[in-house]
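K.L.:
Prediction below, plus the sequence it came from.
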Amino acid sequence: MGNIENQIEQERQNAKIVCSIEGDSSGDCAAAWDVVEELQAEASHQRQKRLTKTLFETYCDDNPDAIECRVYED
């Protein structure tokens, strides 16, 4: 999760720079902030997905080699 937070911060800084150069009402400024919003939405989606996992799913994520977590394909 930290990686996407780093990306958000980088894009936020980029958006501030673009807007200071191009102006707050420019298309480039709006596009730069759109990137930030998209990354924030993805981070929110990932948090929500992580929160809806069962304890067993969390266990299997932490212990993928456990016998209980093996997945067999038909």
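P.N.:
It's in.
K.L.:
Low-confidence ranges, this protein, go.
P.N.:
1, 74 (pLDDT under 70).
K.L.:
Need the nearest residue in space to the most centrally placed residue in the chain, chain neighbours excluded.
P.N.:
Closest to where the C-alpha atoms of the chain average out (Cα atoms, centre = their mean) is residue 43, at 3.1 Å. Of all residues not flanking residue 43 in the chain, residue 4 sits nearest, at 4.8 Å (Cβ to Cβ, 6 or more residues apart in numbering). From N, CA and C alone the C-beta is placed, and that goes for glycine too.
K.L.:
what's the strand or helix carrying the residue nearest to the centre of the chain packed up against?
P.N.:
Assessed by DSSP states H and E, residue 43 sits inside helix 27-51. For helix 27-51, the packing partners by 3 or more Cβ pairs under 8 Å, 6 or more residues apart in numbering; DSSP states H and E come out as helix 2-22.
K.L.:
Using PDB, write out the CA atom coordinates for the helix it packs on.
P.N.:
Output in PDB follows, covering the C-alpha atoms of helix 2-22 (Å, rounded to 0.1, in the frame of the first residue of the first chain):
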ATOM      1  CA  GLY A   2       2.900   2.300   0.700                       C
ATOM      2  CA  ASN A   3       3.900   2.300  -3.000                       C
ATOM      3  CA  ILE A   4       0.600   3.800  -4.100                       C
ATOM      4  CA  GLU A   5       0.800   6.400  -1.300                       C
ATOM      5  CA  ASN A   6       4.200   7.400  -2.600                       C
ATOM      6  CA  GLN A   7       2.800   7.700  -6.200                       C
ATOM      7  CA  ILE A   8       0.000   9.900  -4.900                       C
ATOM      8  CA  GLU A   9       2.400  12.200  -3.200                       C
ATOM      9  CA  GLN A  10       4.700  12.400  -6.300                       C
ATOM     10  CA  GLU A  11       1.700  13.100  -8.500                       C
ATOM     11  CA  ARG A  12       0.400  15.700  -6.100                       C
ATOM     12  CA  GLN A  13       3.800  17.500  -6.200                       C
ATOM     13  CA  ASN A  14       3.800  17.200 -10.000                       C
ATOM     14  CA  ALA A  15       0.300  18.700 -10.100                       C
ATOM     15  CA  LYS A  16       1.300  21.700  -8.000                       C
ATOM     16  CA  ILE A  17       4.300  22.300 -10.200                       C
ATOM     17  CA  VAL A  18       2.200  22.000 -13.400                       C
ATOM     18  CA  CYS A  19      -0.400  24.300 -12.100                       C
ATOM     19  CA  SER A  20       2.100  26.900 -11.000                       C
ATOM     20  CA  ILE A  21       3.600  26.900 -14.400                       C
ATOM     21  CA  GLU A  22       0.600  26.500 -16.600                       C
END
